[in-house]
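Enquirer: Starting from these lines, generate the structure:
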Amino acid sequence: MELEQDLKLEQNLKYEDAVKQLEEIVALLEKGDIPLEKSLELFQRGVALSAFCTRKLDETEKQIVRLLEDDGECKEEDWTMEAQK
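Expert: Numbers count the residues shown, from 1 in each chain. From the prediction side, this is the model:
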């Protein structure tokens, strides 16, 4: 998909910027006063941005760890374990 390639080219795209673009696309689509072809293009870009944001959140969640001190030793613990207690 061409739009996914555009996102890949934007290697420096930040999550916050992607969300802002996505919000702008949603606002434009909700107005409903744009041509069908442009609507489709925006929708496709929005889907690609949504997938990008989901991937970024998944990657970030995997990277979040807590360091716990246990008898002078540090060990890594997945942050979700704390929420399950």
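Enquirer: which strands and helices sit next to the helix or strand hosting residue 47?
Expert: Assessed by DSSP states H and E, residue 47 sits inside helix 36-63. In terms of contacts (3 or more Cβ pairs under 8 Å, 6 or more residues apart in numbering; DSSP states H and E), helix 36-63 is packed against helix 2-9, helix 15-31. Any C-beta I mention is one placed from the backbone N, CA and C, and that applies to glycine too.
Enquirer: Point out where the protein drops to low pLDDT.
Expert: 1-10, 64-85 (pLDDT under 70).
Enquirer: What's the separation between the residue nearest to residue 22 when sequence neighbours are not counted and residue 24?
Expert: Closest residue to residue 22 apart from its sequence neighbours, by Cβ to Cβ, 6 or more residues apart in numbering: residue 49 at 4.5 Å. Taking Cβ to Cβ, to the nearest Å as the measure, residue 49 falls 10 Å from residue 24.
Enquirer: for residue 59, same thing?
Expert: 24 Å.
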